[in-house]
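Participant: Here is a sequence together with a model predicted from it:
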Amino acid sequence: MKPDLQFNFYQPTRVIYGCGSVRDLSLEAKRLGVERAVVVTDQILREKTDLVGRVERALGARCAGVYDGVIPDTAVEVIDRGAAFARARGCDGLVSLGGGSSIDTAKGMAIVLTEGGSIRDHQGSQALGRRQMTHLAIPTTAGTGSEVSQYAVVKDHEAHEKMHYADDHIVPDLALLDPELTVGMPPLLTAATGLDALTHAIEAYTAINRNPMADALALAAIRLIARHLEAATTDGKNLAARGGMLIAANLAGMAFNASGVGLVHAMAHVVGARYGVHHGTANAICLPHVMRFNNDELSARYRDVALALGVDVRGLEAEAAGLQAADRVAQLNAHVGLPQRLREVGVPAEELLACAEQSLSDGAIVYNGKFAADQELVLGVYRAAY
C-alpha cells in the first residue's frame, strides 16, 4: 500500500443469510419501525411462483399491498406508478422481491415517496440530503448486488438511455439472503446474473478507486463464483451452490459500491439500453475483451484474479497470467451456456461506432483502471467483442 492511501468505505446494510430466513421478515420490519410495507415485485414472480405469497405471509399484518409492475430494466413510469400505489396505501416501508430491477424500482420509489415529484427530478450523484424511505431487499437472483449498493439504473425508454442514480441515502436497510428463494431461477438467468456478479468483483478489484477493504471483498466473491457458478447453473436445487452465489453477489456489490466499476459496465449499459440485451449477458460478453484491453497496465491485478479463479499461473509473467484470467472468464461463459459475441444478441455491426460514442457519456468509464475515455479505444474493444 502507498503511504498516502486514502479511501472511504460505507456499508450500512444489515445482512441476514440462511435457508428459510424469509420467515424473519416481520421481525426485521418491526425492528426497522415499518408498520405498513408495500412489496415491490414483478408479475411473473407473483403469478408463476409462490415467492410473493411467502413474503406476504411472512409480513402478515405489516403487508399493505403488492405492487407487481416491475419490468426488466425498470423505467421512469414504473417507478412513478409504484410510488403512487404505495402512497395511496399509507406505506411507510418497502420490501423489494426479485432481481436488480425490483430492487432498483424500490430505490426509486423510496426517493419519490420521500422527496416528491417524479424520479426524473432526482437523477444524479449524492444529491439527496437525507435517508430515504426504509427499504428491505430480498434478492431472488444472485448477480446485481443492488441489495447493498448505492446505485440504481432507470431506463428512459423514449430516449433509449439509462439514467443513473448514486447516493448513500438509497442503500437498502436490510438485505435478506435466502437461498431457497433462488431455486426456481432458470439456468441461463443463473449464468447471466452470476457473470454480472463476477464482473462487479473484477471491475471493483481493478477500478481506480480500489482500496484494501473492497479488494478483500472482491477476491472473496471471485473465489465463491469460481467454486459455485457452474453447479448452481447445472443443478438449480443445489442450495449450497445457490447460497454461495448469493453471498458472492452480495460481497461483489459491497466491493463495487466502494470502488466503482469500469469499461465493461459502460459498454453493457449502452447495448442494454439500445438493443435490450440482458445486463449480465452483456457484461459476460464484454468482460474478457476489456480485461485483455486493460492487461498491459493492470496485469498484476489480473494475476490475482486468475489465482482467485483457480488458474495455475505459477511461473508466468504478470501479463501472461493476466491473459490467462481473461481466457478463464471466456471459458466460464461458454461452460454455463452464455453467448460469446455481441452479434449473437442482436447488436448490429454498423452501430458499433454509435455505441462507442455513447459509452463515453456513461459514468462507469471514468473508474476504469486504465484510461478508456476515447472513442477509438472503446470502438476497438466493441469490435473485439463482436
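Facilitator: The structure has been received and is ready for your questions.
Participant: tell me the contacts of the residue nearest the centre of the chain?
Facilitator: The chain has Thr144 as the residue nearest its centroid, 2.0 Å off, counting by Cα atoms, centre = their mean. Thr144 sits next to 99-100, 103, 193, 196-197, 249, 253, 279 when contact means Cβ atoms under 8 Å, 6 or more residues apart in numbering. The way it works is simple: take the backbone N, C-alpha and C, and place the C-beta from them, glycine included.
Participant: 6 Å - rerun?
Facilitator: Listed by Cβ atoms under 6 Å, 6 or more residues apart in numbering, the contact set of Thr144 reads Gly100.
Participant: And for Ala106?
Facilitator: Ala106 neighbours (Cβ under 6 Å, 6+ apart): 40, 94, 96, 135.
Participant: Just the pLDDT for it.
Facilitator: pLDDT, Ala106: 98.
Participant: residues of stretch 334-351 that come out buried?
Facilitator: By neighbour count on 16 or more other Cβ atoms under 10 Å, the buried set for stretch 334-351 is 336, 338-339, 342, 345, 347, 351.
Participant: And Glu344, how close does it get to Val148?
Facilitator: Between Glu344 and Val148 the computed distance is 32 Å (Cβ to Cβ, to the nearest Å).
Participant: again but with Thr199, I slipped
Facilitator: 16 Å.
Participant: again, but for Gly100
Facilitator: Gly100 is 12 Å from Val148, where distance means Cβ to Cβ.
Participant: mind listing the strands for this protein?
Facilitator: Using DSSP state E, the strands of the chain run over 14-17, 37-42, 63-70, 93-98, 124-125, 135-139, 151-156, 161-166, 174-177.
Participant: Looking at those strands, which is nearest to Ala325?
Facilitator: Distance to Ala325, taken as Cβ to Cβ, is lowest for strand 151-156 among these, at 25.1 Å.
Participant: Show me what the closest one is packed against.
Facilitator: For strand 151-156, the packing partners by 3 or more Cβ pairs under 6 Å, 6 or more residues apart in numbering; DSSP states H and E come out as helix 100-115, strand 161-166.
Participant: ok, Arg81 - contacts?
Facilitator: Gly69.
Participant: now it: how far from Gly98?
Facilitator: From Arg81 across to Gly98, the span is 16 Å (Cβ to Cβ).
Participant: repeat for Gly145
Facilitator: For Gly145, the distance to Gly98 (Cβ to Cβ) stands at 14 Å.
Participant: Can you report phi and psi for the residue in the chain sticking out farthest from the centre?
Facilitator: Most distant residue from the mean C-alpha position of the chain: Gly315, 34.7 Å away (Cα atoms, centre = their mean). The phi/psi pair for Gly315 (degrees, to the nearest 10) reads phi 90, psi -10.
Participant: And Asp92, by the same measure?
Facilitator: According to degrees, to the nearest 10, Asp92 has phi -120, psi 10.
Participant: Correct me if wrong: it contacts Arg36.
Facilitator: Yes. The pair Asp92 / Arg36 is scored as a contact, 5.2 Å apart, by Cβ atoms under 6 Å.
Participant: For the worst-scoring helix or strand of the chain on mean pLDDT, name the packing helices and strands.
Facilitator: Taking mean pLDDT, DSSP states H and E as the measure, the chain has strand 161-166 as its least confident helix or strand, at a mean of 86. Secondary-structure packing of strand 161-166 (3+ Cβ pairs under 6 Å, 6+ apart): strand 151-156, helix 263-275.
Participant: Run through who's touching that strand.
Facilitator: Against strand 161-166 from outside (Cβ under 6 Å, 6+ apart): 123, 125, 150-156, 269, 273, 363.
Participant: what's the lowest-pLDDT member of those residues?
Facilitator: Within the set of these, pLDDT is lowest for Asp156 (83).
Participant: Could you report the neighbour count for that one?
Facilitator: Per other Cβ atoms under 10 Å, the neighbour tally for Asp156 reads 15.
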